[in-house]
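*Asks:* just need the structure, nothing else, for what follows:
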Amino acid sequence: MEIELLEKEHTPENVIDHCKAVYKKAMKIAANFNDVDEDLIRKGALLHDIGRSRTHGITHAVEGVKIAERYGYDEDVLNIIERHIGAGITESEAEKLGLPKKSYVPQTLEEKIVAHADNLVSGSREVDIDFVIEKWKRTIEDSDDNIERLVKLDNELIKAFEEKQ
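*Replies:* Numbers count the residues shown, from 1 in each chain. All right, here's what the predicted structure looks like:
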């Protein structure tokens, strides 16, 4: 259903491939948790970049929400789409970026999983956190707060489980 929707909305093929890879990575992360909604993660991961059918700018998350809303997706899916950008965007950062003034920081476990899976997929290949940190240092002005949120997500969703093994 979600793949068909991406195609119907003329989402570029490379973006669809990226969404499939994010879904795959999100499910790997979700395996660390017992109380996670896998169906919600599937929908959110596959649709997180549907807004790229309209724009490749930072507003693709806002555009994606509008599209998914038209197809009747519930608030939980819409929140994943809206809050998947980076490791989250604070209200003050959103204002500077020209987004509607509100917090885009992932709140629920499912939102965090999809956002972080997206961080750990470049194109359609998995990358490690060091790759992402170096990329963000090069491409995001004043990236320290963003990197701090990224590392916090990684510690919560991945590192905490690696240490137990």
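*Asks:* for residue 40, give me its contacts.
*Replies:* 76, 77, 80, 110 (Cβ atoms under 8 Å, 6 or more residues apart in numbering). The C-beta positions use only the backbone N, C-alpha and C, and glycine is treated the same way.
*Asks:* which secondary structure elements does the longest helix seen in the chain sit against?
*Replies:* Longest helix in the chain, counting residues (DSSP state H): helix 13-30. Judged by 3 or more Cβ pairs under 8 Å, 6 or more residues apart in numbering; DSSP states H and E, the packing partners of helix 13-30 are helix 2-8, helix 38-47, helix 109-119, strand 121-122, strand 125-126.
*Asks:* compare these and give me the one nearest residue 152.
*Replies:* Nearest of the helices and strands packed on helix 13-30 to residue 152, taken as Cβ to Cβ: helix 109-119 at 9.7 Å.
*Asks:* mean confidence for the closest one?
*Replies:* For helix 109-119, the mean per-residue pLDDT is 97.
*Asks:* please apply the same query to stretch 135-142.
*Replies:* According to the model, stretch 135-142 has a mean pLDDT of 87.
*Asks:* sorry, back to before: and the longest helix of the chain with helix 109-119, angle?
*Replies:* If you take axes from the mean of the first three to the mean of the last three Cα atoms, to 10 degrees, helix 13-30 sits at 130 degrees to helix 109-119.
*Asks:* out of the contacts of residue 40, list just those in helices.
*Replies:* 76, 77, 80, 110.
*Asks:* what's around the second one, how many residues?
*Replies:* I take that to be residue 77. 26 (other Cβ atoms under 10 Å).
*Asks:* now do the contacts for it.
*Replies:* Here residue 77 is in contact with 40, 43, 44, 47, 68 (Cβ under 8 Å, 6+ apart).
*Asks:* what's the spacing between it and residue 101?
*Replies:* 23 Å (Cβ to Cβ, to the nearest Å).
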